[in-house]
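>>> Requesting a structural model of the entry that follows:
(one chain, ligands or ions: 1)
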Amino acid sequence: MTIRLMLGDITTLEVDAIVNAANSELAPGGGVDGAIHRAAGVGLFSELNARHSVLPPGEAIITDGYRLPAKHVIHTVAPMWIEGLDNQVEILSDCYRNALRVAKSSGLKSIAFPSLGTGAFGIPKEIAMPTALNAISLELQNSHSDIEVTICCFTQEDLEWYESVANELGALKEDGGLVEVSQLLPKCPICFHPLKRIIYGMPSRETLEDQDNIYIGGCIIMGDDPDLGCKNCDWQGFIGDVDLVEGEWLALVVDLERKRFVAGAIYDAGKPQSPLSLRPGVAEFQRGFTTEWLEEQIASCKEPSFWIGNRFEIMPESFEKILMRYPRLTEEVMEFARFENLANMPIFALP
Ligand code: AR6
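Residues are numbered from 1 along each chain as shown. Below is the predicted model of the structure:
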């Protein structure tokens, strides 16, 4: 499985879909968005305009390609870069992942991406380029997709960024232009087999779809339960060992329609030796939770959504901001937050 890197104008590519770095209003903008609208013609504008809807960052929709050589355009919105916000890489990953999912569910065989978020939205290239390669490779692996993926760079500098990231990981093929996906996936530190996430609790049907090799863990998460496993040599590890997720986090389920929290938990990522139940103040928060209870809470939500973040950010005055930043429940967040660790938290209204 490979990702093709090329230099060029994405509007000229004859692929099943090109991806647009759109804005949430789906209004024609500058950059690649402007170029796509100009090349596609007014039909694209009319189709988007008729939707009367906002596209939240990270999500993706498909339209016709109109006068473009590409059959379709998949529109996604990257996060606008704000130094210091901690979920932007996650949202940018969602853009790539959801665009690939839309392509797959539409039966497409080839897709070309621009460097989402690196123009007007200002995501630094040292963050955006590895995120793109990482998100695409994980999604291709997890969905066992054989879709042909191209990353179309508008400048030589961008192309060199991708090449150097892939090269560092030993993933750039010698003749150039092709990145070997298997080299980009996280590897077992013992036998170098690609690692699998261990999912605990209640994975959704979609999470499991096509993922024959994923580990399903037990019901209760303790501080020393592993996050990652190697099927090949039975090594088990923690996300903190492998990437940057470490420290104390708080996960909340929010009923967006009724504007209230329905469940929450504090958990410790990447610190196997410190079970949360032993910490003052945390045991109470965890007391009395069961999976059934949580299922009931979620079922009672008209519009459940999820918030996850550093627990020190949780201040009443920041709730509105939080909801703007995390307005959706993604599979990754569900996995990451691990539902069964949620506590029987008192219900309280948003300010
Ligand atoms: N082909 C391939 N890549 C291109 C092309 C092209 N024809 N034109 C530009 N790029 P940007 P963003 C590259 O700003 O950062 C718009 O106004 C460009 O060099 O298009 O996600 C939208 O409406 C850069 O590497 O997207 C939004 O409001 C990359 O495309 C906002 O900009 C992305 O740059 C989105 O900002």
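>>> Spell out the residue ranges of the helices in the protein.
Using DSSP state H, the helices of the chain run over 31-40, 42-49, 88-105, 125-143, 156-168, 205-208, 239-242, 282-286, 291-299, 319-325, 331-337.
>>> ok, now which ones touch Met1?
Taking CB atoms under 8 Å, 6 or more residues apart in numbering, we find Met1 in contact with Ser137, Leu140, Gln141, Asp146, Glu180, Val181, Ser182. Every C-beta, even on glycine, is put in place using the N, C-alpha and C of the backbone.
>>> one more time with 10 Å, if that's ok
137, 140-141, 144-149, 179-182, 184-185 (CB atoms under 10 Å, 6 or more residues apart in numbering).
>>> Can you pull out the low-pLDDT segments for the protein?
For the chain, residues meeting the criterion pLDDT under 70 lie at 86, 186-189, 192, 196-227, 237-351.
>>> got the residues of it near the ligand?
Neighbours of the ligand within the chain, by CB under 6 Å from any ligand atom: 9-11, 21-23, 29-33, 35, 78, 114-121, 152, 154-155, 158.
>>> How about Lys173, nearest residue that isn't a chain neighbour?
Using CB to CB, 6 or more residues apart in numbering and skipping the chain neighbours, the partner closest in space to Lys173 is Glu180 (6.1 Å).
>>> what's the spacing between that neighbour and the ligand?
Here Glu180 is placed at a distance of 23 Å from the ligand (CB to the nearest ligand atom, to the nearest Å).
>>> Identify the bridge partners of that residue.
Beta-bridge pairing for Glu180 (DSSP bridges): Thr2.
>>> dump the residue contacts of the residue of the stretch 51-200 of the chain found nearest the ligand.
Across the stretch 51-200 of the chain, the shortest distance to the ligand (CB to the nearest ligand atom) belongs to Gly119, at 2.1 Å. Counting by CB under 10 Å, 6+ apart, Gly119 touches Ala21, Gly29, Gly30, Gly31, Val32, Asp33, Ala78, Phe154, Asp158.
>>> which residues touch the second one?
By CB under 10 Å, 6+ apart, the contact list for Gly29 reads Asn20, Ala21, Ala22, Asn23, Ile36, His37, Gly119, Ala120.
>>> For Phe45, see how far away it is.
When distance is defined by CB to CB, to the nearest Å, Gly29 is 11 Å away from Phe45.
>>> Could you pull out the residues contacting both of those two?
Joint contacts of Gly29 and Phe45 (CB under 10 Å, 6+ apart) are His37.
>>> The nearest residue to Met129 once chain neighbours are set aside: neighbouring residues, count only.
In this structure, Met129 finds its nearest non-sequential neighbour in Trp161, 4.5 Å apart by CB to CB, 6+ apart. Other residues within reach of Trp161, judged by other CB atoms under 10 Å, total 21.
>>> Kindly report the same for the one 3 residues further on.
Applying other CB under 10 Å, we find 12 other residues in the vicinity of Ser164.
>>> cool, and Val42?
By the criterion of other CB under 10 Å, Val42 has 12 neighbours.
>>> list the contacts for it?
Val42 neighbours (CB under 10 Å, 6+ apart): Pro28, Asn49, Tyr66, Arg67.
>>> Please convert the residues you listed to JSON lines, extending it with neighbour count.
Output for the contacts of Val42, formatted as JSON lines (neighbours: other CB atoms under 10 Å):
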{"residue": "Pro28", "neighbour count": "18"}
{"residue": "Asn49", "neighbour count": "13"}
{"residue": "Tyr66", "neighbour count": "20"}
{"residue": "Arg67", "neighbour count": "13"}
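>>> out of these, what pair is the most spread apart?
Comparing every pair within the contacts of Val42 by CB to CB identifies Asn49 and Arg67 as the most remote, at 16.8 Å.
>>> Looks like the residue nearest to Met129 contacts Lys125 (just checking).
Yes: using CB atoms under 10 Å, Trp161 makes contact with Lys125 at a distance of 5.0 Å.
>>> Near Glu139, how many other residues are there?
For Glu139, the count of nearby residues is 21 (other CB under 10 Å).
>>> In this structure it contacts Ile111, no?
No: using CB under 10 Å, Glu139 makes no contact with Ile111, being 11.0 Å away.
>>> What about the closest residue to Gly117 other than its chain neighbours, how many residues nearby?
Nearest residue to Gly117, sequence neighbours excluded (CB to CB, 6+ apart): Ala78, at 3.0 Å. The number of residues packed near Ala78 is 28, by other CB under 10 Å.
>>> Distance of Ala78 relative to Asn23?
9 Å.
>>> Mutual contacts of these two, please.
Counting by CB under 10 Å, 6+ apart, the residues touching both Ala78 and Asn23 are Pro57, Ala120, Phe121.
>>> Settle this for me: the second one is touching Ala78, isn't it.
Think Ala120. Yes: Ala120 is in contact with Ala78 according to CB under 10 Å; the separation is 9.4 Å.
>>> Common neighbours of the two, please.
Shared contacts of Ala120 and Ala78, defined by CB under 10 Å, 6+ apart, are found at Ala21, Asn23.
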